[in-house]
Each structure stands twice: as structure tokens, then as C-alpha cells.
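A.B. asks: Give me a model of this one.
(chains A and B)
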Amino acid sequence: MSTRRPLAIFTNNPYEVFQRDVIQGVQDIAAQRGFTLSVVQVSAPPHRLDDLPLDWQRLAGALVVANCLPDDLLRALHAGGLPLSLISHQVPGAVIPGVMPNNRQGISVLMEHLVVACGCTRPVFIRGHMGQTDGIQREMAFRQEVMRYNLSVPPEHYLPGEFTPAIAAESITRFLQTRPDFDSVLAADYLMAEAAMRALQARGWRVPEDVAVVGFGDGPEAAQAGLTTVAADVVELGRRGARQLIGQIEGLRIRGLTLLSTELVERATTQPKRKTDVLSGT
Amino acid sequence: MKPLKATRENLRRHNRQLLLRAVYTGLADNRAALAQETGLAKPTVSDLIGELISEGLLVEGGLGESTESGGKRPTLIKFVPEARQVIGVSLDNGRAFGVLCNLAGQVVAQHMAELDGAQGDEALAILTDVMNGLIAQLDAPLLCIGVGVPGAVDTASGVILESYPLGWRRLALAERLSAHYEVPVYTGSSAELTALAQYAFGLNGDDQTRNLVTLLVTNSIEVGITLNGVTYHQGGDISALRAADRLDALLGWTAVQQRAADLRRQQPNSTLPETGLTYMHIHYSAINGDPAAQQLCEELAEHLAQVMGWIIGLLRPDHLSLVGPIVNLGEGFLQRVVAKTEAMLWPEVVRPVVFSLAYSGNLSAIGAAALALHRELDIL
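C.D. replies: This next block holds a predicted model:
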């Protein structure tokens, strides 16, 4: 029987697709390395160490998914000597390591596919949660790519999504009522992209003939919907986070971010131009 | 007797590298063929192959074809890229960026931390913290480490002679890190490692380049050179060379930001942002007619043309590649630089040179891993 102190993973909702996959990856590595794992659901963010729903001093270390714990509390835990690894989150001014998908590279790959391969020039961006690092970084990367390709994307083409499919669908539905001029949708995650695609199709838009749709990240839902994405392996994100945490528990001092590469997964929601079209400039 | 022992060990190491390289490159895939290709005696080959198999670097798998004269079919030997891992870290462009690679040079993990102007021991601590981030991700034993540093580096001894951005002077970096991590550590200048990575992985398969010069522009200006496919280790930081001023006072990112602020003051309607400026902003504003951004691009092109003129005049490379965030100024900017270079030298001297922009932000880290792998196993 293991005498090691347990690991904990804090999340706002262990049943959401992203969190579920992260937890699976963490569990893989924890089991391999002989640690038990407690999954701690944080429904309302605590503000003091005493408010945490478990005794953190009995933990070997903890992983924290996105921004489910306030930054001040994370600083306090870190200062208290608890090894921490952050999944898709950063705390400004604190030397707490984390793991993240390479957001800049992923958005760059999606934009290259839309603009260069598919010839799209009028994209709409569905934003993530702007309190979360992934949301901020993906929008910043989108804006950089807009400049790279010298596109003109008006402010009304940036739609709220909050990493919530229902909000993304509602945003795109409202957007369509303005009779907009656009040829593509890039969503900050693939679940929002899928919801946007369904909303477009429900209003008679053909995907990809009338509008191309792409999203960040990948999963079975994206494959089933035929959605073009950049795959960021979320289970692997969890595995990397667990390794980083265990490395610290074993005495490694780590700072900075472990980055996961992303890869284009081309499916049916985009239609690259044929080579002859590209050569003739059509 | 010590020198004799050293010689025998060196010979054994050399022969192991010879065999590994022969299997890695596909030159030979069985013991008899290895003896024939390398000229080593069959017992030596068998002994060393046995050693490499027991270390997991090679594996036996299947039987090959028998020779024309018939006879026993040879046991095939394969290289195992996953048997060991290599770390490459580069300290340039304001950050420590590291990659964890397998023995075929494929990146399996990346880790980075901002340097935030750190110098001296603080910069060294960030470097080791980033290495630790990759060590936590190891899934095979660590073979060796490569480190790229902006500045003048004695690659043979692993001593950083001078790195102005990191505040390091006569720092025996390889020795210190090797003592800490207990594996061999190799060092090089960021630019030469960028050139090495580009030569090894970055050029198109049909590229005929033999002499490649990489111009790395970050907050410092560095030159990396591969001549006939071999890294020339005497390149490095040329920031202190002067054109109208020191090169880093003309082309370094701090200087570019200051110049952008000056031009914005002169052109109050400029669309260049006051905070968070990037090369992409400069590119976007310039192509959309912003006079301040256009003038800035023109000045940068002028300064870069001066540097490229020196490089082409002195080295006559086949290929000159611009690396660093400045590449976000785009192909149009590069063409402007080339035109200015042609106007400075004879066009016949400039025209045979291929100019390119290398967009990858992790070339020097990959080059650091490639250097370590090359020095340790003589592959890649």
C-alpha cells in the first residue's frame, strides 16, 4: 500500500470535456508513479487557504486547471511550499510552472490554413473566456495573424463565446441578423466552433461552401462533426502537467511553461482551393 | 600509461560512433556489412554492436537477404531513436527556450521561461529551471545537453567568453552544468546553432546550399555560418560593430522600439501602438501607408543591407537567412533589403545568393540539441 502523500487536481467541473481529458492524463501518470489522486471540484472560488475543501498541507502537490482558484490563493499555496503545476493558466509575477498548448502556434496554423490554403479573407473570431490565459493568448495570436495577412477585421467580427458552446451559438445567431460580410469562422475552441457550425447550418448557411469553420483543439466531437481543427492533445496536457508536478515533488526547481505543439487536422468544414485556382489567382 | 588509456578509450568511442552512424544513416544494417563499410575487424564490430545493443541504442530485428553466394541470412540491426533523449536550450530573444528531442532530432517536449532582463546568476538559475522542466518530462535516459548563448562562445571548451545580454564573462558553463546534471554538456553561440538547425532540418530537400549564413536579429545582432555543411564556430555576436552607430543601437529590438516612439512623436497620427509594439504592428502599419512605420522599415532595411553587404562581400554564401522576430516584417521588407544590398555591391555578386526568412522561433534550441547529438554520437 502506498504511503506517499496524495496529489490533488483542482477544477471547476470535472465532467466538462477539457477537464475530463486533463484528469485522465494526470491519472495515467499518477498511477504509473505510485501516487493517489484526489479530484477536487471547486464550485465557488475560495479566497483563503482555510476555505479550501481539503487540508492542503497533507498533499504532496497539486495541479490547478485554468483559473478555478484565485491567483492570490495560488501565490499563498506556493509560498507555503506546496509544489504546484498550473494547467492552461499563469499567475502574473509568480514563479509557478505550468503546461499549456502552444496557443500562438495553433492559431497561426489555423489562420494559414484559412487564408493561404482556403483563400478566406473575412474571418470572424469567437472569443474564449477572457479571464483565462488560453482565451487571452488565442485572441492575441489571432490579432497578430490578422496583421500578418493584412486583413481588415472590424470589431463586430469579434464575438463572445466564453468557451461555452451555447454562448457561441447565440453570438453567431445574433451576428447573422446583422447581414454581415464574412467568409470564415475561427473559434477559440472546437466545441464553440461546432456549436457555431450548427447555428450557421440551421439558418441555411452551407459549410464550407458559404463559410469555412475551424476551431482550436480537437476531440471526438470535432471528428464526428467533420470539423477542421488544430489538435492539442488534452490528455497529453494532463500527463505533462503530472510529470511536471512529480518532478517538483522529487526536488526539481522548475519555472516557466511546458508547451504542447498543435497540428492541423483537416476535415470537411474547410475547402482548400485547388492548385489551379491558386496558380490562376482565383 | 594514462595517455594510452585515454587513446584506447577515444578509439573505442570513435569506433562506436562509426558503427552508430553507419546504422543511423542506413549505410549498413548487419554485422558483416558494418565490418565491410567501416573497415573495422569483425570481432571488434561484434563486441561493440553487443555493447550498443545492451545499452538499448541498437536492436536486432529480423533477417536480411543472404549473399549471392548463398549462406546464412544476416541478423538485421536497427537504430533505436527512443533509446535516449537530448535537451537543447537557447537563451535568446529575451527567453530561455528548451526542447527535448529523441535521437532522431524529433522534438517531444518544449519548455520556456521569460528572462525578463535577468543576468549573471539569475540568468543561470532560469536556464537550469528550464532544463529541469524538460528533465521532468524525460521518458528515456538523458544522453547529453546542448546550450545556445548569445555572444562569444568557445565551443571546444564550453566557456562563454562574453555574453553581454546575459552578463556572463569567462563562464565555464559546460563544466558547471555537466557537474550538476552528470551528463556531457556542449555549448555554442545562438546564431551558429540556428545555422546548424537550419542546415540540418530547415532547408528544402532539393536545396543545394553548401554555405549558409544565418543573421539572427533580436536585441543583439549575431551571425552563424555553416561552410560546406560544417558549422564554423567562430561566428557570433557582431552587435558592437559599427555602421552609422553600433549595430545593436540600430537594429536591436530596444533600439527599434525607441526609434518607433521617436517617429510616433513626429507623426502624431501614426497607427503604431504606444505599448505592446511588435514587428507585426510595424509591418501592418507600414503596408497600410503609415508614414512613421514606413520610415522605420526603410531605416531598418538600410541598416540590414549594410550588414548583408558585409557578409556577402566577405563570405559569398549561397544562402543568407534572416532569423528572429524581425522576419515578421515580411517578404516585402526582405525584398527591400535585397534591393538595397544590390545597390551597395555589384548586382552580379548579390543575385546568386538565395535570401530567406526563417519563421521558426525555436531553431537555436533545436540547433543546441543537434550540436549535442553530433558531438556525442556523431550523428545528424
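
A.B. asks: which regions of the chain sit below the pLDDT cut-off?
C.D. replies: Picked chain A for this. Scanning chain A for pLDDT under 70 picks out A:1-3, A:274-282.

A.B. asks: The intended chain is chain B.
C.D. replies: B:1-6, B:68, B:202-207, B:233-235, B:380.

A.B. asks: how does it divide into domains?
C.D. replies: Following automatic domain parsing, chain B resolves into domains at B:2-79, B:83-197+B:363-377, B:204-358.

A.B. asks: Name the residue of the stretch 201-350 of chain B that lies nearest to chain A.
C.D. replies: residue B:284 (3.7 Å; CB to the nearest CB). All C-beta spots, glycine's among them, are computed from the backbone N, C-alpha and C.

A.B. asks: what's the burial count for residue 59?
C.D. replies: Unless you meant another one, I'm taking chain A. Close neighbours of residue A:59, defined as other CB atoms under 10 Å in any protein chain shown, add up to 20.

A.B. asks: my bad, the chain I had in mind was chain B
C.D. replies: With other CB under 10 Å as criterion, residue B:59 counts 13.

A.B. asks: Pretty sure it sits against residue B:53.
C.D. replies: Yes. Judged on CB atoms under 8 Å, residue B:59 makes contact with residue B:53 at a distance of 6.6 Å.

A.B. asks: List, one by one, the residues from the stretch 251-380 of chain B near chain A.
C.D. replies: Residues of the stretch 251-380 of chain B that fall close to chain A, judged by CB under 8 Å from any CB of the partner chain: B:278, B:280, B:281, B:283, B:284, B:287, B:288, B:328, B:330.

A.B. asks: Go again with 6 Å.
C.D. replies: B:280, B:284, B:287 (CB under 6 Å from any CB of the partner chain).

A.B. asks: and if you look at the stretch 1-150 of chain B?
C.D. replies: Contacts of the stretch 1-150 of chain B with chain A, taken as CB under 6 Å from any CB, map to B:110, B:111, B:112, B:113, B:129, B:130, B:132, B:133, B:136, B:137.

A.B. asks: Try it again at 10 Å.
C.D. replies: B:95-100, B:107-114, B:125-126, B:128-139 (CB under 10 Å from any CB of the partner chain).

A.B. asks: Show only the entries of these found in strands.
C.D. replies: B:95-100, B:107-114 (DSSP state E).

A.B. asks: now, which of those sits nearest chain A?
C.D. replies: For these, the nearest to chain A is residue B:113 (2.8 Å; CB to the nearest CB).

A.B. asks: Quick one: residues contacting the residue nearest to the closest one when sequence neighbours are not counted.
C.D. replies: Computed as CB to CB, 6 or more residues apart in numbering or on different chains, the closest residue to residue B:113 that is not its neighbour in sequence is residue A:256, at 2.8 Å. Residue A:256 makes contact with A:90, A:95-98, B:95-98, B:111-114, B:126, B:129-130, B:132-133, according to CB atoms under 10 Å, 6 or more residues apart in numbering or on different chains.

A.B. asks: Kindly recompute the last result at 8 Å.
C.D. replies: A:97, B:96, B:111, B:112, B:113, B:114, B:126, B:129, B:130, B:133 (CB atoms under 8 Å, 6 or more residues apart in numbering or on different chains).

A.B. asks: Out of those residues, which end up buried?
C.D. replies: With burial judged by 16 or more other CB atoms under 10 Å in any protein chain shown, the buried subset of these is A:97, B:96, B:111, B:112, B:113, B:126, B:129, B:130, B:133.

A.B. asks: okay, these in TSV with distance to residue A:183 next?
C.D. replies: Listed next are those as TSV, based on distance: CB to CB, whole Å:
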residue	distance to residue A:183
A:97	40
B:96	40
B:111	38
B:112	35
B:113	39
B:126	44
B:129	45
B:130	41
B:133	41
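
A.B. asks: Can you pick out the most distant pair from the residues you listed?
C.D. replies: Across the buried ones among the contacts of residue A:256, no pair lies farther apart than A:97 and B:96, at 12.7 Å, counting by CB to CB.

A.B. asks: How many neighbouring residues does residue A:193 have?
C.D. replies: Residue A:193 has 30 neighbours, counted by other CB under 10 Å.

A.B. asks: Name the residues of the stretch 51-200 of chain A found near chain B, please.
C.D. replies: Checking the stretch 51-200 of chain A against chain B by CB under 8 Å from any CB, the hits are A:95, A:97, A:102, A:144, A:147, A:148, A:150.

A.B. asks: my read: the second one touches residue A:85, true?
C.D. replies: Yes. Taking CB under 8 Å as the contact criterion, residue A:97 and residue A:85 are neighbours in contact, 5.9 Å apart.

A.B. asks: thinking again about what came up before, any idea how far residue A:95 is from the residue nearest to residue B:113?
C.D. replies: In this view, residue A:256 and residue A:95 are 9 Å apart by CB to CB, to the nearest Å.

A.B. asks: Residue A:11 and residue A:21 touch, don't they?
C.D. replies: No. The pair residue A:11 / residue A:21 is not scored as a contact, 11.3 Å apart, by CB under 8 Å.

A.B. asks: hang on, residue A:107 packs against residue A:145?
C.D. replies: Yes. The pair residue A:107 / residue A:145 is scored as a contact, 6.2 Å apart, by CB under 8 Å.

A.B. asks: More neighbours: which of these two?
C.D. replies: residue A:107 (26 against 23).

A.B. asks: and that one, what does it touch?
C.D. replies: Going by CB under 8 Å, 6+ apart, residue A:107 touches A:138, A:141, A:142, A:145, A:186, A:216, A:230.

A.B. asks: Mind doing that once more with 7 Å?
C.D. replies: Residues in contact with residue A:107 (CB atoms under 7 Å, 6 or more residues apart in numbering or on different chains) are A:138, A:141, A:142, A:145, A:216.

A.B. asks: you'd agree the last one is up against residue A:106?
C.D. replies: Right, residue A:216. Yes. Residue A:216 lies in contact with residue A:106 (CB atoms under 7 Å); the separation is 5.5 Å.

A.B. asks: Need the overlap of contacts for the two.
C.D. replies: Each of residue A:230 lies in contact with both residue A:216 and residue A:106 under the rule CB under 7 Å, 6+ apart.

A.B. asks: of the two, who's got more company?
C.D. replies: Using other CB under 10 Å as the criterion, residue A:216 and residue A:106 rank with residue A:216 on top: 29 against 26.
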